[in-house]
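> Below are the sequence and a predicted model; questions follow.
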Amino acid sequence: MCVLPFFLREFHVHLAIRLFINLILTVSFYLILTTGEVSLAHVVMMGAGAYGSALLTTDLGWPVWVAIPMAGLIAAGTGRLIHFPLVRMTGFGFFIGSYAAGEAIRLMWMRVRTPFGGVRGLINIPPPEMPLVAGLPAIDFRQAIPYYFLTMGIMLASLYAMYRIDKSRIGMAFRVIHTDPPLADSIGINVNRYRTLAFVIACFFAGIAGALLAHNIRAIDPYDFSMTEMIYLLIWAIVGGITTFWGPVIGVTTMTAVFEGARPLVAWRPLLFGAILIAFLLFMPTGLEGVPARGRTLFRRLQSRLRGE
């Protein structure tokens, strides 16, 4: 990945940057899924981070290096606020409640012109600036390659942190809650507290992804965080699989390639993506991450037939 941008056109470097941002977003969404809940507000939480970082840097003049982690905290705080009523809901109720909460926030961005810019959003969002160091040249993060390495570094650090959480006792508690909430409660796991924790942690990393997006494209509006983007996120998770940490990584990488390959068929892409989603739900419910296990099963069956067993 370190030498790749030097051999790519600028368009493909920007595509890789967007892939890194989407990797953070999708894996953070996986943390919520491990508790058995599906949030339709996750892309809006990404927007909370994007708006937060944009306002901190444009209106308050904060450095981008401070605004990016603060964007994560803003998204986490927003997630905690909306999860307070949602924690009392489960299943379909949580699904619809999260959609309503996310749309309420997005409509606020559309209706309030100060400071959110209304439907036009925010423009002239500054890129990061590297302080001058004696003997070292300044780095211009307005260029694609420097921003590529910045995003890659934050993406790798974020994925490592989420991987450690997933493999920790906290991550195990999340999965126990998904499997059997009453059992989890009976062995001393506070179900509501851990669901809230998963939601807030996921929102924090979604906010980081939003800040990286805002300082890359340097202009955002409420339509960047619409239900269409949330549907793409669901497709990435379902195609990759949601039973292991690496499923969402596989899903977003694969579907990014499919999305770009289908660019000449722009009018047909919704139909194509819908067909892919239905096909995976019907024939590969475990996603691409389940292909090796399914292949081994088919191979063993074939061996048994050849042996006449």
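Great, that's in hand.
> okay, now residue 93: neighbour count?
Using other C-beta atoms under 10 Å, the number of residues around residue 93 comes to 11. Heads up, the C-betas are built off the backbone N, CA and C, glycines and all.
> Could you number the chain from 545 rather than 1 from now on?
Happy to do that; since the first residue is 545 now, the last one works out to residue 637.
> Not counting its neighbours along the chain, what's nearest residue 837?
Beyond its immediate neighbours in the sequence, the residue positioned closest to residue 837 (C-beta to C-beta, 6 or more residues apart in numbering) is residue 830, lying 7.6 Å away.
> mind checking how far that neighbour is from residue 715?
Counting by C-beta to C-beta, to the nearest Å, the separation of residue 830 from residue 715 is 19 Å.
> Then residue 738?
When distances are taken as C-beta to C-beta, residue 738 and residue 715 turn out to be 10 Å apart.
> element containing residue 797?
Residue 797 is part of helix 790-805 when elements are defined by DSSP states H and E.
> buried ones in that helix?
Buried residues in helix 790-805, counting neighbours by 16 or more other C-beta atoms under 10 Å, are found at 790-800, 803.
> Against which helices or strands is it packed?
When contacts are defined as 3 or more C-beta pairs under 8 Å, 6 or more residues apart in numbering; DSSP states H and E, helix 790-805 sits against helix 554-577, helix 771-784, helix 813-827.
> what distance separates the host helix or strand of residue 698 from the middle of the whole chain?
Residue 698 belongs to helix 688-711 when elements are defined using DSSP H and E. A distance of 12 Å separates the C-alpha centroid of helix 688-711 from that of its chain, computed with C-alpha atoms, centre = their mean, to the nearest Å.
> name the helices or strands packed onto the following helix or strand past it?
Helices and strands here follow DSSP H and E; after helix 688-711, the next one along the chain is helix 713-723. Helices and strands touching helix 713-723, as assessed by 3+ C-beta pairs under 8 Å, 6+ apart, comprise helix 725-730, helix 735-761.
> what mean pLDDT does helix 713-723 have?
Per-region confidence: helix 713-723 scores 92 on mean pLDDT.
> Quick one: low-confidence residue ranges for this protein.
Low-confidence segments of the chain, defined by pLDDT under 70, are located at 545, 675-681, 852-853.
> From the recorded domain assignment, give the ranges for it.
The record's domain parsing of the chain by automatic domain parsing lists 548-769, 770-853.
> winner for burial among these?
Looking across the domains of the chain with neighbours counted as mean count of other C-beta atoms under 10 Å, the highest average goes to domain 548-769: a mean of 19.
> Between the two ends of that domain, how far is it?
Between the start and the finish of domain 548-769 there is a gap of 29 Å, counting by C-alpha to C-alpha, to the nearest Å.
> Pull the distance from it to the chain's centre.
Relative to the centre of its chain, domain 548-769 is centred 7 Å away, using C-alpha atoms, centre = their mean.
> related to what we said a few turns ago, compare the helices and strands packed on helix 790-805 and report which one is nearest to residue 706.
With C-beta to C-beta as the criterion, residue 706 lies closest to helix 554-577 of the helices and strands packed on helix 790-805, at 5.3 Å.
> Run the angle between the helix or strand just after that closest one and helix 554-577 for me.
As assigned by DSSP H and E, the chain's next helix or strand after helix 554-577 is helix 586-602. Using axes from the mean of the first three to the mean of the last three C-alpha atoms, to 10 degrees, the inter-axis angle of helix 586-602 relative to helix 554-577 is 120 degrees.
> Tell me the first helix or strand C-terminal of helix 586-602.
Downstream of helix 586-602, the next assigned helix or strand under DSSP H and E is helix 608-630.
> helices or strands up against that next one?
The contact analysis (3+ C-beta pairs under 8 Å, 6+ apart) places helix 608-630 against helix 586-602, helix 636-655, helix 735-761.
> Not counting residues beside it along the chain, what's closest to residue 715?
Sequence neighbours aside, residue 709 is the residue nearest to residue 715 in space, at 5.5 Å (criterion: C-beta to C-beta, 6+ apart).
> Isn't that neighbour up against residue 745?
Yes - proximity of residue 709 to residue 745 meets the contact threshold set by C-beta atoms under 8 Å, at 6.6 Å.
> shared neighbours, these two?
Residues touching both residue 709 and residue 745 (C-beta atoms under 8 Å, 6 or more residues apart in numbering) are residue 575.
> got a list of contacts for stretch 565-572?
Contacts of stretch 565-572 with the rest of the structure, by C-beta under 8 Å, 6+ apart, involve 586-587, 590, 695, 698-699, 702-703, 706, 745-750, 752-753, 756-757, 760, 777, 780-781, 784, 789, 792-793, 795-797, 800.
> and the gap between the nearest residue to residue 813 once chain neighbours are set aside and residue 565?
Nearest residue to residue 813, sequence neighbours excluded (C-beta to C-beta, 6+ apart): residue 806, at 5.2 Å. When distances are taken as C-beta to C-beta, residue 806 and residue 565 turn out to be 20 Å apart.
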